[in-house]
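> Predicted model follows, preceded by the sequence.
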Amino acid sequence: MIIIMKPGAPASEIEKLINKVEKLGLTVHESQGANYCVLGLVGDTSQIEPSQLYANENVEKVLRVQEPYKLANRLFHPEDTHIEVEGRVIGGKAITIIAGPCSVESEEQVTGIAEEVKKSGASFLRGGAFKPRSSPYSFQGLRSKGLELLKIAKEKTGLPIVTEVMTPALVEEAVEYADIIQIGARNMQNYDLLKEVGRTDRPILLKRGLAATIEEFLMSAEYIMAEGNENVILCERGIRTFETYTRNTLDISAVPILKKLSHLPVIVDPSHASGMWWLVEPLSMAAIAAGADGLIIEVHNDPANAMCDGEQSIKPERFDSLVKSLGKVAEAVGRSI
């Protein structure tokens, strides 16, 4: 249930209403907009009749929320959420660029790529230390050593780190190194993991599952937010369809849909969406044109010999060219890089 207060409603009256609702065993989330205040009620709201609320002269409107997701719902939070990480804002006017190798392979590799992507305009460094792979015989990542190498790369470049965790047991260690914790597509519905990262103070980059619906995706975000961490970044990374030419199919329509349904920032992963390096540029442009708040792109200095996903990684010089091209697209839609 949503309660929209009238413009200029006294703070003291809003507080009284919140206290009254909380006595009924409900949780209230307050969202203060430029001209109004919105109260989002979570719990069994069947005991509340809208007519009772309309009796309060400070109440403008009462809405029942049909969707199962509440905290991630734009009705609960009409204003866009902006997530700040070390002076960088995700979800604002500027497009966020996250770039780096699929897997951390060595200090020289990850620091070299970090320096290159920073020079080109990336604001975050991505790098996998723990790698969920389809085959148990594939490279699984350097694990803790990989986190240490990411820390070195950050010390040398100043770029905040985005890295993935796969199990609840790894979260505590990852928090020591990561500025943003990534939940991969395969773990989108790993509810114990979602709850665990929901108890941290790190922003969470949540990737859409391989065959997840929009509602299922937002419900996974809800799991994180319900634990107290409302800094969630939604990532469309392609879904599995009957098409086999590409690794996945980028659901570009998910970007405006998610922006309509939710207040959370939305970014796109064109690398995993296509699985082909030459499609990264056109898909990145399409994502920005569709309203994405950012991109997460795989960059490798030697894709042919990469230990993971070399076929979908672009070289630093091509990344540099891409960022320049994206600037023109961003400007056309009223954004900036």
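That came in fine, so what should we check first?

> for the chain, what spans make up the helices?
For the chain, the helices defined by DSSP state H cover 11-22, 50-54, 107-120, 144-157, 168-177, 191-198, 214-226, 254-261, 270-274, 280-290, 316-332.

> would you turn these into TSV with mean neighbour count?
In this view, the C-beta of every residue, glycine as well, is placed from N, C-alpha and C. Shown next, in TSV, are those (neighbours: other CB atoms under 10 Å):
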stretch	mean neighbour count
helix 11-22	14
helix 50-54	13
helix 107-120	20
helix 144-157	18
helix 168-177	15
helix 191-198	19
helix 214-226	22
helix 254-261	18
helix 270-274	26
helix 280-290	20
helix 316-332	17
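
> Where among those helices is average confidence lowest?
With a mean of 89, helix 50-54 has the lowest mean pLDDT of the helices of the chain.

> now the helices of the chain in TSV, with distance to Arg133?
Shown next, in TSV, are the helices of the chain (distance: least, CB to CB, whole Å):
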stretch	distance to Arg133
helix 11-22	47
helix 50-54	52
helix 107-120	19
helix 144-157	14
helix 168-177	16
helix 191-198	17
helix 214-226	21
helix 254-261	25
helix 270-274	13
helix 280-290	21
helix 316-332	24
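
> Roughly how far does Leu63 sit from Glu57?
Distance, Leu63 to Glu57, by CB to CB, to the nearest Å: 18 Å.

> and these two? which has more neighbours close in?
Counting neighbours by other CB atoms under 10 Å for Leu63 and for Glu57 shows that Leu63 has the greater number, 12 against 8.

> show me the contacts for that one.
With contact taken as CB atoms under 8 Å, 6 or more residues apart in numbering, Leu63 is in contact with 1-2, 4, 75.

> I'd like to know how many residues surround the closest residue to Gly327 other than its chain neighbours.
Distance criterion CB to CB, 6 or more residues apart in numbering; nearest residue to Gly327, sequence neighbours excluded, is Ile337 at 4.6 Å. Neighbourhood size, Ile337 [other CB under 10 Å]: 20.

> Quick check: Thr167 vs Ala114, distance?
Thr167 sits 26 Å away from Ala114, going by CB to CB.

> gap between the nearest residue to Glu243 once chain neighbours are set aside and Ser274?
The shortest distance from Glu243 to any non-neighbouring residue, by CB to CB, 6+ apart, is to Thr249 (5.4 Å). Between Thr249 and Ser274 the computed distance is 9 Å (CB to CB).

> Residues that sit against both of these two, list them.
Common contacts of Thr249 and Ser274, defined by CB under 8 Å, 6+ apart, comprise Gly238.

> Strands - which of the contacts of Leu63 land there?
Counted as lying in strands by DSSP state E, out of the contacts of Leu63, are 2, 4.

> List the residues that contact the residue nearest in space to the middle of the chain.
Nearest residue to the geometric centre of the chain (CA atoms, centre = their mean): Ile233, 1.7 Å. Residues counted as contacts of Ile233 (CB under 8 Å, 6+ apart) are 83, 90-91, 180, 203-206, 264-267, 294.

> now swap in Leu258 and tell me
Listed by CB under 8 Å, 6+ apart, the contact set of Leu258 reads 214, 217-218, 234, 236, 264, 266.

> on that earlier part again, strands - which of the contacts of Ile233 land there?
83, 90, 180, 204-206, 266-267, 294.
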